[in-house]
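Could you look at this predicted model? Sequence included:
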Amino acid sequence: PSTWAFKIKQFPDGLIKKFEACFCVQGDRQKHGINYWETWSPVVQWSTIRTIMILAAKEKLVSTQCDITAAFVTAPIPKDEVVYVHQPRGFIKDPCYVLRLNSCLYGMKQSPRYFFGYLTKKLEKQGLIPSKHDPCLFLGNGLIVITYVDDILIYGRDQKEIDNLIEKLNEDSVHIRKEGTVEGYLGLNVVRDGNKTTLSQPGLIKRIVEGLGLSSNFLTPVSTPAEKATLPRDVDGEPATGCFNYPSIIGMLHYLNHTRPDCAFAIHQCARYTFEPKKSHEAAAKRI
């Protein structure tokens, strides 16, 4: 079966990025060993992004964030793999017809894997070599490229070099749209003062404070989110009150690690109880 998916995409600071409508396969109806086999697809390590961010700040590199239009649809399905789907609602030509796919669709379990292989070949064709330490990091021709599903982050010393790469990829059937700087994509505020570069995430911090239901005056510093060195499991403690979305807040705090690595241990302690938080864990999240 097929379905339509509608989504409002947002920047990390909560601003609306774009509205999307996508024709998808109902992947939950696929059966392993019949409709799909391998599904792996690498995801860039956050340590890689942080390292490149630091390098870019020290070397004063320019950056561009790009979005690949209908990314998964560009990845071809191997000829020996046959996939049929129902026609999309609203575009039915004949009730007796079904569609045989030549390319992947969103929702298919194997789509991310096929797309990553397709994109890797296109980048290698442009002289970019994947890193042995992180396959989502590509280096070459004075450029640094990071792939994150259907987003591409490009760093270089000159904007013209980045634009040339984007033009060549567009000519090679990878339809790319520029969407600002990498810092804007990650919700970062970059301030340069001589040789000193400071990174901050004011928009994300504001969302976290509001999500916790705290006021901007709640700024009491603490050395740890728990009374002891580590946050206890608190088996017999009161269940969380649900006054805020605990998993969502922890996810945003993890993202805050880009600019506040000093909070990493405290966030890790709270993240241990994402699926069964107690009242004490909620209090610890607020103290971070």
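Cool, got the structure.

from here on, contacts and neighbour counts on C-alpha atoms
Noted.

Surely Ala266 and Lys286 touch.
No. Using Cα atoms under 8 Å as the test, Ala266 is too far from Lys286 to be in contact (11.0 Å).

Which helix or which strand is home to Ala264?
Per DSSP states H and E: Ala264 is located in helix 264-271.

rewinding a little: can you pick out the residue with more neighbours from Ala266 and Lys286?
Each of Ala266 and Lys286 has its neighbours counted (other Cα atoms under 10 Å); Ala266 has more, 22 against 15.

What ranges does the stretch 1-150 of the chain have for its strands?
In the stretch 1-150 of the chain, the strands defined using DSSP state E, counting those that start in this stretch lie at 2-10, 16-25, 62-68, 84-85, 99-100, 129-130, 137-140, 143-148.

Partner strands of the fourth one, with direction?
Spelled out, it's strand 84-85. According to DSSP bridges, strand 84-85 forms sheet pairs with strand 99-100 (antiparallel).

Low-confidence ranges, the stretch 1-150 of the chain, go.
12 (pLDDT under 70).

Which residue ranges of it form helices?
Assigned by DSSP state H, counting those that start in this stretch, the helices in the stretch 1-150 of the chain fall at 46-59, 111-125.

Which of the residues in the longest one are classified as buried?
Going by neighbour count (16 or more other Cα atoms under 10 Å), the buried part of helix 111-125 is 111-116, 118-120, 122-123.

Kindly report the same for stretch 232-244.
Applying 16+ other Cα under 10 Å to stretch 232-244 flags 233, 240 as buried.

could you give me the average pLDDT of that stretch?
Mean per-residue pLDDT for stretch 232-244: 87.

List of residues touching that stretch?
Around stretch 232-244, the neighbours that count as contacts under Cα atoms under 8 Å, 6 or more residues apart in numbering are 211-213, 273, 277-282.

Recalculate using a threshold of 7 Å.
Contacts with stretch 232-244, where a contact means Cα atoms under 7 Å, 6 or more residues apart in numbering, come from 211-212, 277-279, 282.

farthest pair in these?
Greatest spacing in the contacts of stretch 232-244, by Cα to Cα: Gly211 and Lys278 (17.5 Å).

And those two? Which one has more around it.
The residue with more neighbours, out of Gly211 and Lys278, is Lys278; 21 against 16, by other Cα under 10 Å.

Identify the bridge partners of the more buried one.
With DSSP bridges as the criterion, Lys278 is bridged to Pro239.

show me what contacts it?
By Cα under 7 Å, 6+ apart, the contact set of Lys278 is 237-240.

follow-up on the earlier one: of the helices of the stretch 1-150 of the chain, which is nearest Ile152?
The nearest among the helices of the stretch 1-150 of the chain, by Cα to Cα, is helix 111-125 at 10.3 Å.

Run through who's touching that closest one.
Helix 111-125 is contacted from outside by 39-41, 72, 75, 104-105, using Cα under 7 Å, 6+ apart.

Also stretch 93-108?
24-27, 72-77, 83-87, 111.

Show me which of those residues is closest to Thr147.
Using Cα to Cα, Phe72 comes nearest to Thr147 of the contacts of stretch 93-108, at 13.6 Å.

neighbours around the closest one, how many?
A count of neighbours around Phe72, defined by other Cα under 10 Å, yields 25.

ok, it - contacts?
Applying Cα under 7 Å, 6+ apart, the residues near Phe72 are 104-106, 111-112, 115.

and it, how far is that from Ile92?
The gap separating Phe72 from Ile92 is 22 Å, by Cα to Cα, to the nearest Å.

Tell me how many other residues crowd Lys17.
13.
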